[in-house]
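>>> The sequence and its predicted three-dimensional model are supplied below.
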Amino acid sequence: MTASATDDLTLTVHVWCQAGPDQPGDFVTSEVSVSPDTSFLEMLDCLNEQRMAGGQEAIAFDHDCREGICGACSLVIDGKPHGPEQETTTCQLHMRTFNDGDAIYVEPFRAKGFPVLRDLVVDRSAFDRIQQAGGYVSVNTGSAPDAHAVPVPKPAAEEAFDAAACIGCGACVAACPNASAMLFVAAKVSQLALLPQGAPERDARALSMVEAMDGEGFGNCTNHFECAAACPKAIPVTHIARLNREFLRSSLMPRS
Amino acid sequence: MTTQPNTQLHDNVPGGPLDEKWTKHKFDLKLVNPANRRKFEILVVGTGLAGASAAATLAEMGYSVTSFCVQDSARRAHSIAAQGGINAAKNYKNDGDSVHRLFYDTIKGGDYRAREGNVHRLAEVSRQIIDQCVAQGVPFAREYGGLLDNRSFGGAQVARTFYARGQTGQQLLLGAYGALMRQVNAGRVKLHVRKEMVDLVEVDGIARGIVTRDLTNGKFERWAGHAVLLCSGGYGNVFYLSTNAKASNVTAAWRAHKRGAFFANPCYTQIHPTCIPVHGEFQSKLTLMSESLRNDGRVWVPQDDGDARAAGTIPEGERDYYLERKYPSFGNLVPRDVASRNAKQVCDAGRGVGTTGKAVYLDFRDAIKRDGRDMIQARYGNLFDMYARITGEDPYSVPMRIFPAVHYTMGGLWVDYNLESTVPGLFVLGEANFSDHGANRLGASALMQGLADGYFVVPATIASHLAGRVLQPVDTSHDAFAQAEAASRQRFQALLEVQGSRTVDSFHRELGLICWDQCGMSRNRADLEKAISSIRTLREAFWQDVRVLGDAQSLNQNLEHAGRVADFMEFGELMVNDALQREESCGGHFREEHQTDENEAKRNDEDFCHVTAWEHRDGKPSQRHDEELKFESVHLSTRSYK
């Protein structure tokens, strides 16, 4: 009845280690045996317990909710952000995806906009600064009309939701040959462009957020679509098309 | 611990009719002139629903706000993981809902151990929360007419739950995060990520600042302000395995407790009935499946113990849909504590399923037959996908296996009606306080409470402190800051100096197991007494044998964890002690000695119709204080979901 295999997998894991932001880094190789039912991060936990038992410091990696929603976990696994499974964050990736005897390469997300802090931990605060440039509706608490005052057609609400599913993990950036954050920016711009609540600030939003993105050192989109393939929430590139239209629209509007 | 209470705590709930209290109180509160607000510096710890909404709203009002979180971004606070929904007494479904009904359901759901005044206020502001979130662009589920959809949740017989697929917490938090980012952009909020509060600083008995540790470089920093808002979440990770995020911890609350904030009802912990069962010894956390699944899924186990047949081959007549059988009017939608306890009972009786025998079925076969696979997929698609990803099984063809897991903690720092703790100037919001859920929280009420506290309650009540007290100028050169910083440094240094042989995680797991086995879904005197001595022994072992590698001047996740586990080791004892002295069963606190003939919780209103709040005393047992609960509007009755 249960699909759980019982035989442990023995794996050779090459993990990127780097003592600090401006320090050199390299792969550190270890062997680890885990049950196929463990998650990828639990495999790293085991590896760390093993290291600490031998007096070596644990390898640092970002993680928190471990259920695929907080966006904290990252990692490039065998060259793919969040690893080989589609629509799956690293924390939800399970070791049954791998075979006994596999060698696995684990690296941080690499991009100019995401400097490495230590080992596999990168600084993604650039995303917060992009949001600060306009990723919201300016409505003070207490000043909202009744929630039913403005009906939203279901298809628009659904599409806005598809965009809003972004967890801000940065896999799109890590996957893009230009280290572009277009899919991330597009998700927020698109969500708010589709909803009537976002309309009053629509003229400025795309321009401000794209300017902020450029300022953080992220590249531009040249239609590789690697972002959408890596996105754990399957946010489609059609939102980038909408971002481009919104950007053009903003560019033609007089700036207040 | 001292079990004789000394003082009575005053809740400061205003007089007058229940439904006029909040309006009257807001009018009676002192105000801070808009031009003066920028002179007040408010420190907000945590950026979840409570913290982000409070920081953003206070900044909109004109206060100077500094906000802190341990995550790398404010958007990642654990509120983001809430799946199911948020309650509001909108009565959009025209099914008889009202503020009073939401109030009543919440009081009853909490097993009559919450404060009437607070809960009524919560129900009142619930409606404004939905308005606010929709205006922010939160993409709630809608019907074809373009209006908002609702569903019903455990413990309620009306459909009042607003939801955004299975990601309601995420969407609400991103709304609050957006509001916060807007204020950061405006320069009214200064945001500090990857900083952990390690102490509270009091000057003249008033909370005037905090000490933080920067998680990237170990730097200790001092922050002075006129008020401190603790929005640091719950303590579920004392059980090690829980549905909480890995960084969720009790440290900020515990540090405040050791500085004088009373800790209320720590034994009220919620064990959520629908989680994916434990799979093995390296499991690092448990995953919740939204309670909304119980709207369509039917819970059952085989009628006979030891029945190892595959679920699909067990005929209808040999299945026990035990919730439908025992609670015909609520069926699978009984509140969480009732559902969890019943799952434990059938598993203890040997009727559990799966390889461990610690699981029950949640079966969608009939719902799929009735509504079609497409409809079920539209409702729960992401949850089914998540289940399949974690277990490797397809819940469309075989029933899910679920088991209860620690999910939420109703206990927390004691607060009065203004959400102010026993330390003047220290306000506590959201899961970190104890106030609104009594002994059991109803589904979809956590998001409501976090946002109520942050958007609507504290922005009004904080004036009672800022305008009501004379606050002398204080800066970080004050001796109290130097002392708190020195104590914090010393604590982290001490952890590094133990140089023992066991990892931090191994201690945390052991502590969790003690708490789960002896202070989990079912408790009794002998076990609790044993747990206290086990925790004490373990705590001593921790300080003699823990091995924390690395240094205190760089990003050191092992040291972070060690600091939190050290606090859980102290907190755990208080939680167990609280469970020991509460000689009754209520909500999530089930004492085996106190049950009815039908194994239902048996309250003792005569002796325990009160909040227990613990005062920390250095080197001496904690002192118990009681706040009597007065019910003026609701008649105390046996909570029945039959």
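Structure received.

>>> For the stretch 1-150 of chain A, which segments are assigned as helices?
Assignment of helices within the stretch 1-150 of chain A using DSSP state H, counting those that start in this stretch yields the ranges A:40-53, A:125-132.

>>> right, so these: which one is the most enclosed?
Ranked by average neighbour count under the criterion mean count of other C-beta atoms under 10 Å in any protein chain shown, those are headed by helix A:125-132 at a mean of 22. Quick note: C-beta positions are derived from backbone N, CA and C, even for glycine.

>>> Remind me what the next helix or strand after that helix packs against, helices and strands.
Note on helix A:125-132: by DSSP states H and E, the next helix or strand toward the C-terminus is helix A:154-164. Helices and strands touching helix A:154-164, by 3 or more C-beta pairs under 8 Å, 6 or more residues apart in numbering or on different chains; DSSP states H and E, are helix A:182-194, helix B:168-185.

>>> Flag every buried residue along helix A:154-164.
With burial defined by 16 or more other C-beta atoms under 10 Å in any protein chain shown, the residues of helix A:154-164 counted as buried are A:154, A:156-157, A:159-164.

>>> In three-state terms, label residue B:470 for me.
coil (DSSP: H, G, I helix; E, B strand; the rest coil).

>>> any idea how far it lies from residue B:424?
Residue B:470 sits 11 Å away from residue B:424, taking C-beta to C-beta, to the nearest Å as the criterion.

>>> Counting neighbours, go ahead and name the busier of these two.
residue B:424 (20 against 6; other C-beta atoms under 10 Å in any protein chain shown).

>>> Tell me, what's the model's pLDDT at that one?
The model reports residue B:424 with a pLDDT of 97.

>>> how about it, what does it touch?
For residue B:424, the contact set (C-beta atoms under 8 Å, 6 or more residues apart in numbering or on different chains) comprises B:205-207, B:465, B:469.

>>> which SS state does it fall under?
Assignment for residue B:424 (three-state DSSP): coil.

>>> Could you measure from it over to residue B:227?
Distance from residue B:424 to residue B:227, by C-beta to C-beta: 9 Å.

>>> overlap in contacts of the two?
With C-beta under 8 Å, 6+ apart, residue B:424 and residue B:227 have common neighbours B:207, B:465.

>>> domain ranges for chain B?
Using automatic domain parsing, the domain parsing of chain B gives B:272-406, B:485-607.

>>> wait, which of those is closest to residue B:33?
domain B:485-607 (33.9 Å; C-beta to C-beta).

>>> Grab the nearest non-local neighbour of residue 112.
As the question left the chain open, I've gone with chain A. Nearest non-adjacent residue to residue A:112, counting by C-beta to C-beta, 6 or more residues apart in numbering or on different chains: residue A:217, 4.2 Å away.

>>> Chain B, not that one
residue B:636 (5.2 Å).

>>> tell me the contacts of the closest residue to chain A within the stretch 1-150 of chain B?
Taking C-beta to the nearest C-beta as the measure, the point where the stretch 1-150 of chain B comes nearest chain A is residue B:146, at 3.0 Å. Residue B:146 sits next to A:151-154, A:157 when contact means C-beta under 8 Å, 6+ apart.

>>> pLDDT added to those residues, as a markdown table?
Listed next are these as a markdown table, based on pLDDT from 0 to 100:
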| residue | pLDDT |
| --- | --- |
| A:151 | 97 |
| A:152 | 97 |
| A:153 | 96 |
| A:154 | 95 |
| A:157 | 96 |
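
>>> of all those, which comes closest to residue B:104?
residue A:151 (30.6 Å).

>>> Apart from its chain neighbours, what residue comes closest to the closest one?
That would be residue B:146: by C-beta to C-beta, 6+ apart, it lies 3.0 Å from residue A:151.

>>> Doesn't that neighbour lie inside a helix?
No - according to three-state DSSP, residue B:146 belongs to no helix; its state is coil.

>>> measure it to residue A:153 for me?
Relative to residue A:153, and taking C-beta to C-beta, residue B:146 is found at 5 Å.

>>> got it, and residue A:137?
Residue A:137 is 18 Å from residue A:153, by C-beta to C-beta.

>>> and those two? which has more neighbours close in?
residue A:137 (23 against 14).

>>> Okay, strands next: where are they in chain A?
For chain A, strands defined by DSSP state E occupy the ranges A:9-18, A:25-34, A:76-77, A:80-81, A:103-107, A:116-118, A:121-122.

>>> Return the most buried member of those strands.
Mean neighbour counts for those (mean count of other C-beta under 10 Å) peak at strand A:121-122, with a mean of 24.

>>> any weak-confidence spans in chain A?
Filtered on pLDDT under 70, chain A yields the residue ranges A:1-6, A:255-256.

>>> Name the residue closest to the centre of it, please.
residue A:169 (2.1 Å; C-alpha atoms, centre = their mean).

>>> For the closest residue to it other than its chain neighbours, which residues are in contact?
Spatial nearest neighbour of residue A:169, chain neighbours left out: residue A:71 (4.0 Å); criterion: C-beta to C-beta, 6+ apart. Counting by C-beta under 8 Å, 6+ apart, residue A:71 touches A:89, A:167-170, B:73, B:75-76, B:80.

>>> Name the residues that touch stretch B:341-353?
Against stretch B:341-353 from outside (C-beta under 8 Å, 6+ apart): A:1, B:273, B:299, B:301-307, B:311, B:320, B:322-323, B:326, B:334, B:357-361, B:401-404, B:521-522, B:590, B:599, B:601.

>>> for the strands of chain A, which one sits closest to chain B?
Set against chain B and scored by C-beta to the nearest C-beta, the strands of chain A come closest in strand A:116-118, at 4.4 Å.

>>> Quick check: can you name the pairing partners of that closest one and their directions?
strand A:121-122 (antiparallel) (DSSP bridges).

>>> what's the closest residue to residue B:363 other than its chain neighbours in contact with, if anything?
Leaving aside its chain neighbours, residue B:363 sits nearest to residue B:399 (3.8 Å; criterion: C-beta to C-beta, 6+ apart). By C-beta under 8 Å, 6+ apart, the contact list for residue B:399 reads B:297, B:300, B:311, B:361-365.

>>> quick one: which of these is nearest to residue B:103?
Using C-beta to C-beta, these come closest to residue B:103 at residue B:297, 28.8 Å.

>>> was I right about the closest one contacting residue B:367?
Yes - between residue B:297 and residue B:367 there is a contact under C-beta atoms under 8 Å: 6.8 Å.

>>> of the two, who's got more company?
A count of neighbours by other C-beta under 10 Å puts residue B:297 above the other of residue B:297 and residue B:367, at 24 against 19.

>>> Counting neighbours, what do you get for the residue nearest to residue B:174 when sequence neighbours are not counted?
Nearest non-adjacent residue to residue B:174, counting by C-beta to C-beta, 6+ apart: residue B:75, 6.4 Å away. Neighbours of residue B:75 under the rule other C-beta under 10 Å: 29.

>>> isn't residue B:206 right up against residue B:466?
No - counting by C-beta under 8 Å, residue B:206 sits too far from residue B:466 to count as a contact (11.2 Å).

>>> If you rank every helix and strand of chain B by mean pLDDT, what lands last?
None of the helices or strands of chain B scores lower by mean pLDDT, DSSP states H and E than helix B:373-391, at a mean of 89.

>>> Tell me how chain A divides into domains.
A:9-117, A:125-252.

>>> rewinding a little: can you put the helices of the stretch 1-150 of chain A in a markdown table and add distance to chain B?
What follows is those, written out as a markdown table (distance: least, C-beta to the nearest C-beta, whole Å):
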| stretch | distance to chain B |
| --- | --- |
| helix A:40-53 | 5 |
| helix A:125-132 | 4 |
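
>>> With distance to residue A:205 added, can I get these in CSV?
Output for the helices of the stretch 1-150 of chain A, formatted as CSV (distance: least, C-beta to C-beta, whole Å):
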stretch, distance to residue A:205
helix A:40-53, 35
helix A:125-132, 11
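
>>> Right, I'll leave it there.
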